[in-house]
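Visitor: Curious how this folds, go ahead:
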Amino acid sequence: MGKAMSVALVAIGSFVAGILLAPKSGKETRQDIREKTDEYKAKAKSGLKEVKKGADVVKDEITEGADSVKKIAKDASHDIKGTAGRFREEASTRAKTISEEVKQTSRNTRDATR
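Guide: Next up is the predicted model:
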């Protein structure tokens, strides 16, 4: 059990014990318990609303972050595809040039041996 939960349980237990041991009538004691219960319910509801607001903010931030990562990944993919295409074109051009040079060298060698 968390430290905060232990503190809360001790506080509630102390409150109940104080009310039950106080020199008041049963009717007054029950009224006090009802009032404090309503007060704590209101505080709990308020706290829950704050937690929900915080959760919504975190959800929105996570969504924005995921969208940013998705866009970055898409841009990077596009850049990689473009670079790969340029490398493929350059390799093809160089291969054609080398092939022509080999053919020319072969022709030159053949002509020289005749």
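Visitor: Tell me which residues are up against stretch 5-24.
Guide: Stretch 5-24 has contacts (CB atoms under 8 Å, 6 or more residues apart in numbering) with 29, 32, 33, 36, 40. From N, CA and C alone the C-beta is placed, and that goes for glycine too.
Visitor: which pair in the residues you listed spans the largest distance?
Guide: Greatest spatial distance in those: 29 and 40, 16.4 Å, computed using CB to CB.
Visitor: And the residue nearest the centre of this protein?
Guide: residue 62 (4.2 Å; CA atoms, centre = their mean).
Visitor: Just say helix, strand or coil for residue 23.
Guide: coil (DSSP: H, G, I helix; E, B strand; the rest coil).
Visitor: so what pLDDT did it get?
Guide: With respect to pLDDT, residue 23 scores 72.
Visitor: now it: how far from residue 29?
Guide: Taking CB to CB, to the nearest Å as the measure, residue 23 and residue 29 are separated by 10 Å.
Visitor: Mind jotting down where the helices sit in this structure?
Guide: If DSSP state H is used as the criterion, the helices of the chain fall at 3-21, 26-112.
Visitor: ok, of the ones you listed, where does mean pLDDT dip lowest?
Guide: helix 3-21 (a mean of 76).
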